[in-house]
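S.K.: following is a predicted model, sequence given first.
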Amino acid sequence: MQALDDVSVTIRENEFFTLLGPSGCGKTTLLRLIAGFDQPTRGTILLQGQDISHLPPYQRSVNTVFQSYALFPHMTVAENIGFGLEMLGKPKSEVRETADRMLKLVRMEELRDRRTDQISGGQQQRVALARALAPRPKVLLLDEPLSALDYKLRKEMQIELKRLQSETGITFIFVTHDQEEALTMSDRIAVMHAGKVLQIGSPREIYDHPADRFVADFIGDTNFLMAEVLASDGRQVRLRLASGPEIAVELPENRSASGRVTVAIRPEHARLAPDGAALNGTLENIVYLGTDTHYHVRLDGGEAFVVRNQNRRDSTEALQAGAPVGIAFEPDSVQVLRD
């Protein structure tokens, strides 16, 4: 069985790089190859130009933080942080100084003498990070390390991880299936599916300009519509939507389109409009979510469409389910996808 299919990725020095995808897509396998826990059947793994493909894990300047923190419960926080340095034969004075520096970095100086079975899950996470950062690896691998934390703590640790990466200057390679985590922390994201890397780009590039339907569907909420290409002139394309209206859009660079295509429109890039609407339909449901409201519309052609409006304090709810509505959007909000 092939876990990865011709994957080629260049990760920049001092970058927070995220491997994002559903379970079983190959992201953890790729992480294990970089760490040295698995061996590639072909190809090479280069670290700053050096081929490390066949080096054992302990000879690679790479450390890993797993979902399970694997701390020693009978040791103090400081002893856990310094353990790896002691195994490397570092002098006691260097171990102590490094542990002090790491405790300050993760803001846990006051807990240095506390046993790790006496601290919270979020604090244990920080100790695991400090221990992995202590030897100053060139690359830190993080395999869904926030998955065991509750929502609020996970949000706090997302910001903390980004701060640590920025302050240490170490390359972080982060694995997650959580799109919000990836968008929040990453300099760049590689979206993976079925052992392949489908797209690499900044969070904004991935979200606003998805390369294909899977990426558009996996990252955020998206409306998909079928369309037919009527004419094209370079990157300028005229489309007829399945529901009838014609629109002109601009394709991304190095992209062409012909025949039947799928287009994507983010819910927040559309608006309900009585006049000048590109689409028409019937309002089926209104979902109030505090910060915004989702309007679920059944288009005249039978397709479902969601419009997301941010709520204001002075806004009033005048629409009712069953009302006819129009939907408008700007041409540059329409993305033509690879199927």
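M.R.: Yep, that arrived.
S.K.: how about Asp208, phi and psi?
M.R.: phi -80, psi -20 (degrees, to the nearest 10).
S.K.: the stretch 101-250 of the chain: strands as residue ranges?
M.R.: Assigned by DSSP state E, counting those that start in this stretch, the stretch 101-250 of the chain shows strands spanning 139-143, 171-176, 188-193, 196-201, 223-233, 236-241, 246-250.
S.K.: in JSON lines: those strands, plus mean pLDDT.
M.R.: Rendered in JSON lines, the data for the strands of the stretch 101-250 of the chain read as follows (pLDDT from 0 to 100):
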{"stretch": "strand 139-143", "mean pLDDT": "94"}
{"stretch": "strand 171-176", "mean pLDDT": "95"}
{"stretch": "strand 188-193", "mean pLDDT": "96"}
{"stretch": "strand 196-201", "mean pLDDT": "95"}
{"stretch": "strand 223-233", "mean pLDDT": "87"}
{"stretch": "strand 236-241", "mean pLDDT": "84"}
{"stretch": "strand 246-250", "mean pLDDT": "82"}
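S.K.: make CSV from those strands and add distance to Asp51 and mean neighbour count to it.
M.R.: In short, each C-beta sits where N, CA and C put it, glycine included. Shown next, in CSV, are those (distance: least, C-beta to C-beta, whole Å; neighbours: other C-beta atoms under 10 Å):
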stretch, distance to Asp51, mean neighbour count
strand 139-143, 15, 23
strand 171-176, 17, 24
strand 188-193, 21, 24
strand 196-201, 21, 19
strand 223-233, 43, 15
strand 236-241, 44, 18
strand 246-250, 42, 15
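S.K.: just the element for Ile34, please.
M.R.: Assessed by DSSP states H and E, Ile34 sits inside helix 27-35.
S.K.: what strands line up against the helix or strand following that helix, and which way round?
M.R.: For helix 27-35, the succeeding helix or strand toward the C-terminus, using DSSP H and E, is strand 46-47. As defined by DSSP bridges, the strand partners of strand 46-47 come to strand 50-51 (antiparallel).
S.K.: what mean pLDDT would you report for the partner strand?
M.R.: Average pLDDT, strand 50-51: 94.
S.K.: the closest residue to Arg114 other than its chain neighbours: neighbour count?
M.R.: Of all residues not flanking Arg114 in the chain, Val77 sits nearest, at 5.6 Å (C-beta to C-beta, 6 or more residues apart in numbering). For Val77, the count of nearby residues is 29 (other C-beta atoms under 10 Å).
S.K.: isn't Val77 right up against Asp113?
M.R.: Yes - applying C-beta atoms under 8 Å, one finds Val77 in contact with Asp113, separated by 7.3 Å.
S.K.: the stretch 201-339 of the chain: helices as residue ranges?
M.R.: Along the stretch 201-339 of the chain, counting by DSSP state H, counting those that start in this stretch, helices occupy 203-208, 213-218.
S.K.: could you dump the strands of the stretch 101-250 of the chain to a markdown table with distance to Gly290?
M.R.: Formatted as a markdown table, the strands of the stretch 101-250 of the chain follow (distance: least, C-beta to C-beta, whole Å):
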| stretch | distance to Gly290 |
| --- | --- |
| strand 139-143 | 31 |
| strand 171-176 | 25 |
| strand 188-193 | 27 |
| strand 196-201 | 30 |
| strand 223-233 | 22 |
| strand 236-241 | 32 |
| strand 246-250 | 32 |
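S.K.: of these, which is nearest His294?
M.R.: The closest of the strands of the stretch 101-250 of the chain to His294 is strand 223-233. By C-beta to C-beta, the value is 11.5 Å.
S.K.: so what strands line up beside that closest one?
M.R.: Strand pairing for strand 223-233, determined by DSSP bridges: strand 236-241 (antiparallel), strand 260-265 (antiparallel).
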